[in-house]
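Colleague: Next input, structure requested:
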Amino acid sequence: MDIKSFLNQYKYYVLAIAAGLIVFTYLLVSFINQPEETLSFEYSEDTEDISESAAEPPELPTTVFVEVKGAVVSPGVYELPADARVKNVLDVAVLSENADLLTVNQSAKLTDEMVVYIPYEGEIDDETAVKTFSTAAKENVAAGQVNINTASIAELTTLNGIGEKKAQAILTYREEQGLFTTLEEIKNIPGIGDKTFENLKPYITIN
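Modeller: This is a model prediction of the structure:
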């Protein structure tokens, strides 16, 4: 069979194959020349900062700056841990021999920018100081409760059943054992039993 006869007999098949090749070639060329589509993401530092600030809570200060004046060997500004007490900064500043601590609450918690002034002996009349503290303590009791972790001797003696001896024992306990963690712990003080504690309970706090 010659080529002419073959083409005449199978011309439709040949045309179909040729058309298929043309379509395939067209599609292939179109696919190759098609521009690539890419996904883009614009990085925003502001967005990251906002998300980070929303996710992370603000950090609390870990230190405080306190100025100590008066009857101390080294007056000045000191940086201490945020949970420090007046006694801690006085240990650093070193009390003078003629310092008068009658009006100083050494168990008070320090706050940033606080000024701690230590009077000299004779600078404040003892009777006046006691009256001042007693009046303030009575006002605190009338307004609420006495904080046995921060109260001075004068404040503690405003509580029924607490005299100066027991008040001093409470201060000594705080200095040696640390702050009270529960109200019931005050029963560790000599002379404060269950009955005395029940009478004190409504009027004391550790917060």
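Colleague: Touching, Asn88 and Leu110? I think so.
Modeller: Yes. Between Asn88 and Leu110 there is a contact under C-beta atoms under 8 Å: 7.4 Å. The C-beta positions use only the backbone N, C-alpha and C, and glycine is treated the same way.
Colleague: Which of those two has more residues huddled nearby?
Modeller: A side-by-side neighbour count of Asn88 and Leu110, using other C-beta atoms under 10 Å, places Leu110 first with 21 against 17.
Colleague: Report the contact partners of the more buried one.
Modeller: Contact partners of Leu110, counting by C-beta atoms under 8 Å, 6 or more residues apart in numbering, are 64, 66, 80, 82, 84-86, 88-89, 116.
Colleague: among those, who's most crowded?
Modeller: Neighbour max across the contacts of Leu110 (other C-beta under 10 Å) = Val66, 23 neighbours.
Colleague: just to revisit the earlier point, so what sits against both of Asn88 and Leu110?
Modeller: With contacts defined as C-beta under 8 Å, 6+ apart, the residues shared by Asn88 and Leu110 are Leu80.
Colleague: looking at the chain, which helix or strand is least sure?
Modeller: Sorting the helices and strands of the chain by mean pLDDT, DSSP states H and E puts helix 126-143 at the bottom, at a mean of 52.
Colleague: residues in contact with the helix or strand just after it?
Modeller: Using DSSP states H and E, the next helix or strand after helix 126-143 towards the C-terminus is strand 146-147. By C-beta under 8 Å, 6+ apart, the list of residues contacting strand 146-147 from outside reads 137, 140, 155-156, 158-159, 203-207.
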